[in-house]
Structure formats: structure tokens, C-alpha cells
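**Q** Structure, please.
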Amino acid sequence: MEAMLTGFASIAQVDLLLVMLAAVLLGSFFGIVPGLGGTVGLALTIPFLFGVEPIYGIVFLVSMHAVVHTGASIPAILFGVPGTSPTAATILDGHPMAEQGRAGVAMGAQLAASGIGGVGGALALAALIPVLTPVAMAMNAPTIFALIVFGMTFIVAVSRTSIPEGFIAALFGMLIAMVGLNPHTGIGRFTFGQLWLWDGISIVVVVLGVFGFAEMIALGARGVDSTIAEGDVEIEMRWSQLWEGTKAVFQNWWLTLRTSVMGAVIGIVPGLGGDAATWICYAHAAQTCKNNENFGNGDVRGVIAVETTNNAKEGGALLPTVVFGIPGSSGMAILMGAFLIMGITPGPEMLTEHLDMIWAIVGILVISNLLCMFALYPLSGFAAKLTFVRSTYVVPPILILMAVGAFIVRGVWQDVVLAVILGFVGYGMKKWGFPRGPLVLGFVLAPLAENYLIKSLGLYGVSFVTQPIPLILLFLAILSLGYGSWESRKGKIAQGDE
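**A** Below is the predicted model of the structure:
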């Protein structure tokens, strides 16, 4: 209790709250600009923090990183362009809502869900430290592999009624994930003698291409007078739509709660990352919610599921980073490096020697998420009106931003060309009814599955599948796959009867 009070008191200062507000606004900016994201934001700002007091540096970096995905969802909803790769899942329902003239509803739900998810993730970090510390330590390679396989079965839920097309898309995602040097043998795969492919293909390039460039191609194909919102849709007063979306988060409180917890727990597992968390939780919502036939076509519950997960996972990801010194993502790796620069060594001793610092981080997560939510609410009304601007004013600047975003990932022009090519692939998938979600899910999970499969075989041989926890998870994967296929077949039969 004393450590908690000391930690909270250390950040309850006016100057630190102002630092937090500045970090929140900057983090939102890095999220809104496609291709930048929290990793780039951390890398760019760390050099400016040399010599400052550790508490100021921690407040700034944690606050900025915690809210990046909140800002990143704004272009995902309005234009179908993900600001960061985890917000690609927001497009599935958020962008159709914008096309229907309900951008305000989607953004109201997004802001409220992000704020609640961020607070939930912080509380989960506080509650799970004593509970999940031994659990996380006990998670071996076979268990993580089985968990990833279980996540892959959600391809059925993301595909909805287009399961064959969904599996084809997922296989294509797995195929492009294999590009690059084999991490275990060093042998090139599908590199075609090109040095720039040795490091593989970045997730940023994939989501910008398959979603971002594809949406701009689709918008341009409609004609010069087209707008994001399709047809003769009417837009209500912005505050009424924002309030409608905000209410939806509380009306679906059980979905909000469980995706917050799921996001925090998935964030704890090193290596899974935010991309997997958002898709897994979206698929969970699509599979478990009643009257789920509208998922993928503008269901506000799809936005809620993704957005609560997006911010909740940051609280979970901080647990292995701070307590074990094991970063769960590239952003957390940079954050851990910043901690070391400021003289703070992440590890088990944090629980004994610097417990007040952990409680300070919990407080920073709570305050920064609430600050971001309230700071972006006034901007949402103006932003929603952008869906009614002619495409000739929208497409060129967004194309430039996406090209810059694709280029700065590795600094090679070939990534821009690849993003454009994947844009045409994504446009074709959209036109011919192939869901794009499974492609990203396959791309994200395939390298993780390969890595942990090889580790499991090396440590235990084929018998690793007989271990109790992996066996249960693999059995659940089979059940999930069978149930999802049965539900899809039942839905098709019902549509045929109509």
C-alpha cells in the first residue's frame, strides 16, 4: 500500500501532468500519420530525454506510447488507412460505418473503448503482477505454439461466410511472411537475389498496401466527385453521433470488459504482439456476440472489441518488460532501452526495490488514456466531416503520407513499390469478395508459429503435443475450427432458404 501511494504521489504534480498532456498529443500525432506509430515515435524522442530526471522521461515515453493506437484508429475509420498495423482490424467495421455516414458513431465508440481499454489494461497490470508472474514464467515454447495455433483458427470467424476465400487469403499472408532469411538456418526464402528482401517484408508495408493503398485505389475508381461516405447518406449532429457511439461501449459492457482482459493477457505473452491481439479479440467478438451477421459490414461491436484490446494490451505488455526484462514487442524493446539509459534496470528486482515505480507506471497509463480520450473528443466532429470531402482532395495527400510511411520503415524505395503492388492485390480482394483480415492474421501468426514449432521440436521432439496445456489448447483449436465452420454453413443454408 505504501509503495502504491508513493508511486501515485510521484506523478501527481502539475508539471508532470503537463508533460503527460504534451506526450499524449505527440503520441496521437504519431498514430494518425500512417506508417509512423509508437516505435518510430519512441526512437525519435529518446535522444531528447538524455539528462532529464528519470520520472520525467518515464512519464513522457509511457504516456506517448500508451495512446498511439487511439490516434491511429482515426484514419482507419475515416479512410480505411491504418495509422499503425494493429488498427488494421478497426477498418473491418469502422470504415464501413464511415461509408454509411456513421463515422461519428464509430469514433465515439473508438475513443470511449480506447480509454476504457487503456484503463483496464493498467488495472490488469496492477492486479496481475502477483498472479501471473509465475504463470508467465512457466509458459514454454510448446504452450505458446499451441496458443498461436488456437489463434489461427479464428481465421474462420474473421472470414465469416467466405471461409474458402478466407483460407486462401490466410495462406497468401503466410506465404509472404516466409520471405527473407530463415531465422534458424540463414538460408534465403523467396528473396530472388534481392538484398532488400533478406530482412523480410514489414507488417507496416503489408497493412498500408492491403488496406491503405487498396482503399485509395477503390476511392479513386469511383470517380473524381466521389466521397468516402457512399451514396446519399445524411450526417447527424456530431455530438449526437459521438454520444451514440460512447453509449454503445457501455451498453456492450460485457464485451468491453472481456476484450480488455483478453488484450491485457495476450499482451503479457512475449512475442505475440499487438497485431495478433487485435485480430484474436475481433474474431472472438464475431464468434461469440449474438446477432453477429453484420460484423464486417459496420457493426459497432467490432470497433469496440478491437479498440479496447488495442490499448489494454499495452498494460499487459509492460509486465514482462518491467518485471522480467523481456520486451514483448519492438516498441517495448525500445522502451526498455530508454529505461536503461535513465538508470532503471527492468527485472525481478523492480518488484522489491522499485515497486513504487511500477505503481507510477500504472497511474501514468490511467491518466494518459483518459487525457487522450477527452483531448480527441472535440476533434472528432471535424474529423468525421472529412468523409464527405471529394476524393480529389483526399487521395493525393494520403497517398503521399502512406508512401512516406512505407519508406521510413527501412529507408528503401522498394518498400513503397511493394506497398503499391499489395494495394492492387488488396483492391482485387475487396472487389472479388476475398476477406483481407485473414491475410494479415496469417502474416502475423505464421512466423511466430514457425519459431515456436522449431523450438518445441528441438526441446521435446514430436512428443511436445502430448503435454497437458498444449494438448488442451490444440483440442480447443479443433473445436473452434469445427464450430466456426458449422456456424458458417448454417448461415449459408439460412440465406439459401430465404
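
**Q** What's the separation between Gly433 and Met64?
**A** 40 Å (CB to CB, to the nearest Å). C-beta coordinates here come from the backbone N, C-alpha and C atoms, glycine included.

**Q** Kindly report the same for Gly423.
**A** 29 Å.

**Q** circling back to that earlier point, okay, Gly433 and Met64: which has more neighbours?
**A** Ranked by neighbour count (other CB atoms under 10 Å), Gly433 and Met64 place Met64 first, with 26 against 9.

**Q** What separation do you get for that one and Glu314?
**A** 11 Å.

**Q** Can you find the helix or strand of the protein with the lowest average pLDDT?
**A** helix 155-159 (a mean of 62; mean pLDDT, DSSP states H and E).

**Q** C-terminal to that one, which secondary structure element comes first?
**A** Per DSSP states H and E, the first helix or strand lying C-terminal to helix 155-159 is helix 163-177.

**Q** so what secondary structure elements neighbour that next one?
**A** Here helix 163-177 touches helix 155-159, helix 437-460, helix 468-497, going by 3 or more CB pairs under 8 Å, 6 or more residues apart in numbering; DSSP states H and E.

**Q** packing partners for the second one?
**A** When contacts are defined as 3+ CB pairs under 8 Å, 6+ apart, helix 437-460 sits against helix 88-99, helix 141-152, helix 155-159, helix 163-177, helix 203-207, helix 273-288.

**Q** which stretch among these comes nearest Thr246?
**A** Closest to Thr246 of the helices and strands packed on helix 437-460 is helix 88-99 (CB to CB; 14.2 Å).

**Q** Put the alpha carbons of the closest one into CSV.
**A** Output of helix 88-99 as CSV, limited to C-alpha atoms (Å, rounded to 0.1, in the frame of the first residue of the first chain):
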residue,chain,number,x,y,z
ALA,A,88,-6.0,-2.6,-39.3
ALA,A,89,-8.7,-4.7,-37.6
THR,A,90,-10.6,-1.5,-36.9
ILE,A,91,-11.1,-1.0,-40.6
LEU,A,92,-13.3,-4.1,-40.9
ASP,A,93,-16.3,-2.4,-39.2
GLY,A,94,-15.1,1.2,-38.6
HIS,A,95,-14.6,2.1,-42.2
PRO,A,96,-18.0,0.7,-43.4
MET,A,97,-19.6,2.8,-40.7
ALA,A,98,-17.9,5.9,-42.1
GLU,A,99,-19.1,4.9,-45.6
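
**Q** what angle separates that helix from helix 273-288?
**A** Orientation check (axes from the mean of the first three to the mean of the last three CA atoms, to 10 degrees): helix 88-99 against helix 273-288 gives 60 degrees.

**Q** hmm, who's touching helix 88-99?
**A** If you take CB atoms under 8 Å, 6 or more residues apart in numbering as the criterion, helix 88-99 is touched by 73, 76-80, 82, 103, 105-106, 110, 158, 207, 210-211, 215, 228-230, 275, 278-279, 282, 295-303, 306-307, 310, 384, 387, 437, 440.

**Q** one more time with 6 Å, if that's ok
**A** 73, 76-78, 80, 82, 106, 207, 211, 228-230, 278-279, 282, 296-299, 302-303, 306, 387, 437, 440 (CB atoms under 6 Å, 6 or more residues apart in numbering).

**Q** Mind checking which of these land in helices?
**A** 73, 76-78, 106, 207, 278-279, 282, 302-303, 306, 437, 440 (DSSP state H).

**Q** out of those, which one sits closest to Trp359?
**A** Nearest to Trp359 out of the ones in helices among the contacts of helix 88-99 is Thr278 (CB to CB; 27.5 Å).

**Q** With Trp432 as the reference, measure out to the closest one.
**A** Using CB to CB, one gets 25 Å for the distance from Thr278 to Trp432.

**Q** Repeat that for Thr185.
**A** From Thr185 across to Trp432, the span is 37 Å (CB to CB).

**Q** wait, what's in contact with Val362?
**A** Contacts of Val362 (CB under 6 Å, 6+ apart): Ala122, Leu125, Ala126.

**Q** for the first one, phi and psi?
**A** It stands for Ala122. phi -70, psi -40 (degrees, to the nearest 10).

**Q** Count the residues that sit near it.
**A** 27.

**Q** Quick check: it touching Val366?
**A** Yes. If you go by CB atoms under 6 Å, Ala122 and Val366 touch, sitting 4.8 Å apart.

**Q** Same drill for Thr278 and Trp432, tell me which one is more crowded.
**A** Taking neighbours as other CB under 10 Å, Thr278 and Trp432 compare with Thr278 leading, 30 against 8.

**Q** Return the list of helices and strands in contact with the helix or strand harbouring Leu219.
**A** Secondary-structure assignment from DSSP H and E places Leu219 in helix 214-222. Helix 214-222 is packed against helix 391-408, helix 413-431, with contacts defined by 3 or more CB pairs under 6 Å, 6 or more residues apart in numbering; DSSP states H and E.

**Q** Go ahead and name everything in contact with that helix.
**A** Contacts for helix 214-222 (CB under 6 Å, 6+ apart): Gly80, Ser391, Val395, Leu399, Gly423, Gly426, Tyr427.

**Q** and the two most separated of the residues you listed?
**A** Maximum pairwise distance in those, criterion CB to CB, is 17.3 Å, between Ser391 and Gly426.

**Q** Between the two, point out the one with more neighbours.
**A** The residue with more neighbours, out of Ser391 and Gly426, is Gly426; 27 against 20, by other CB under 10 Å.

**Q** That one reaches Val210, doesn't it?
**A** Yes. Here Gly426 reaches Val210: they are 3.8 Å apart, a contact under CB under 6 Å.

**Q** any shared contact partners between the two?
**A** The contact sets of Gly426 and Val210 overlap at Arg436 (CB under 6 Å, 6+ apart).

**Q** The closest residue in space to Pro75 that isn't next to it in sequence: how many residues sit nearby?
**A** Spatial nearest neighbour of Pro75, excluding adjacent residues (CB to CB, 6 or more residues apart in numbering): Val81 at 4.5 Å. Residues contacting Val81 under the criterion other CB under 10 Å number 30.

**Q** what residue lies at the spatial centre of the chain?
**A** Centroid-nearest residue in the chain: Pro86, 2.2 Å away (criterion: CA atoms, centre = their mean).

**Q** give me phi/psi at it?
**A** Here is the backbone geometry of Pro86 (degrees, to the nearest 10): phi -60, psi -20.

**Q** Give me the local confidence score for it.
**A** The model reports Pro86 with a pLDDT of 76.

**Q** now do Arg301
**A** 90.

**Q** Ala112 now?
**A** Value for Ala112, per-residue pLDDT: 90.
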